[in-house]
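>>> Output the structure for:
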Amino acid sequence: MYLIEQFKELNKPERMVLTQHSRKRLSERGIKVLDIVNAINTGEIIEDYPEDYPFPSCLILGKTEEKVVHIVASINDEMIYLITAYIPDSDRWETDWKTRKEQL
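Predicted coordinates:
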């Protein structure tokens, strides 16, 4: 289980590893690396994924100047590994953006 402080300590663009997948998703969704940095700075971890492979990851809720962002990422001692980021959908998330809506 990660702590948001661990992400905040490493939170610089030069300390982020973006996979080809995450670069593609950021581009498609209009999310910039600076948005990720701002969202982590204001963020909190809302879900943990300890079984993710090859490393455990977590879901971070953060805000930029214009939007709310969900970030899935993992870390080691030196780097943040960005898996994906997206703008949460109000059909799937409650208004606090932390709680998933029950799917019928």
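>>> Now do the contacts for Asp48.
Asp48 makes contact with 1-2, 56, 58-59 under the criterion CB atoms under 8 Å, 6 or more residues apart in numbering. No exception for glycine: its C-beta is placed from N, CA and C like everyone else's.
>>> Okay, it and Val69: tell me how far apart.
As judged by CB to CB, to the nearest Å, Asp48 and Val69 stand 18 Å apart.
>>> Can you give me the distance of the residue nearest the centre of the chain to Leu82?
Nearest to the mean C-alpha position of the chain, by CA atoms, centre = their mean, lies Ile71 at 1.3 Å. Relative to Leu82, Ile71 is positioned 7 Å away (criterion: CB to CB).
>>> try Pro54
For Pro54 relative to Leu82 (CB to CB), the value is 14 Å.
>>> Going along the chain, name the strands of this structure.
16-18, 44-49, 57-63, 68-75, 80-86 (DSSP state E).
>>> what stretches of this structure score poorly on pLDDT?
104 (pLDDT under 70).
>>> Would you confirm that Asp52 contacts Tyr81?
No. Using CB atoms under 8 Å, Asp52 makes no contact with Tyr81, being 10.4 Å away.
>>> Alright, that wraps it up for me.
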